[in-house]
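**Student:** everything below, folded, please.
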Amino acid sequence: MNAKPPVKERSEEMASSMNTDQQSAIRMVANDLHRLNQSVMKAVESGVSVELIRSARHHCGDGNFGDLLTPIIVKQA
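**Tutor:** So this is what the prediction gives:
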């Protein structure tokens, strides 16, 4: 069975083929995603459920795209 390498190794391999601006942008996404995950965990621990759904997809015109998210928040009665 061919297992994929760990995420860190895959991301480092992909980053090596990116220019400086791309690497900086990906680091920003990774940092923001880490903070988002921490915020989601804090919200869940405070008593709400959080679901992130794709609200749109951003295209830049040359084939690259990114998913944009919006939260759905549910508070238990």
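
**Student:** pLDDT weak spots in this structure?
**Tutor:** By pLDDT under 70, the weakly predicted segments of the chain are 1-2, 4-5, 7-8.

**Student:** that one: strands as residue ranges?
**Tutor:** Counting by DSSP state E, the chain forms strands over residues 48-59, 65-75, given from the N-terminal end onward.

**Student:** okay, these in JSON lines with mean neighbour count and distance to Arg35 next?
**Tutor:** Glycine gets a C-beta too; all of them are placed from N, C-alpha and C. Formatted as JSON lines, the strands of the chain follow (neighbours: other CB atoms under 10 Å; distance: least, CB to CB, whole Å):
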{"stretch": "strand 48-59", "mean neighbour count": "11", "distance to Arg35": "14"}
{"stretch": "strand 65-75", "mean neighbour count": "10", "distance to Arg35": "13"}
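
**Student:** nearest to Arg10, out of the ones you listed?
**Tutor:** strand 65-75 (18.5 Å; CB to CB).

**Student:** and the angle for the closest one with strand 48-59?
**Tutor:** In this structure, strand 65-75 runs at an angle of 160 degrees to strand 48-59, with axes from the mean of the first three to the mean of the last three CA atoms, to 10 degrees as the basis.

**Student:** how about stretch 21-28 as PDB, C-alpha atoms only?
**Tutor:** As requested, C-alpha coordinates have been extracted for stretch 21-28 and formatted as PDB (Å, rounded to 0.1, in the frame of the first residue of the first chain):
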ATOM      1  CA  ASP A  21       5.500  35.600  -2.600                       C
ATOM      2  CA  GLN A  22       3.700  32.200  -2.900                       C
ATOM      3  CA  GLN A  23       5.500  30.800   0.100                       C
ATOM      4  CA  SER A  24       4.700  34.000   2.100                       C
ATOM      5  CA  ALA A  25       1.000  33.700   1.100                       C
ATOM      6  CA  ILE A  26       0.800  30.000   2.100                       C
ATOM      7  CA  ARG A  27       2.400  30.800   5.500                       C
ATOM      8  CA  MET A  28      -0.200  33.500   6.000                       C
END
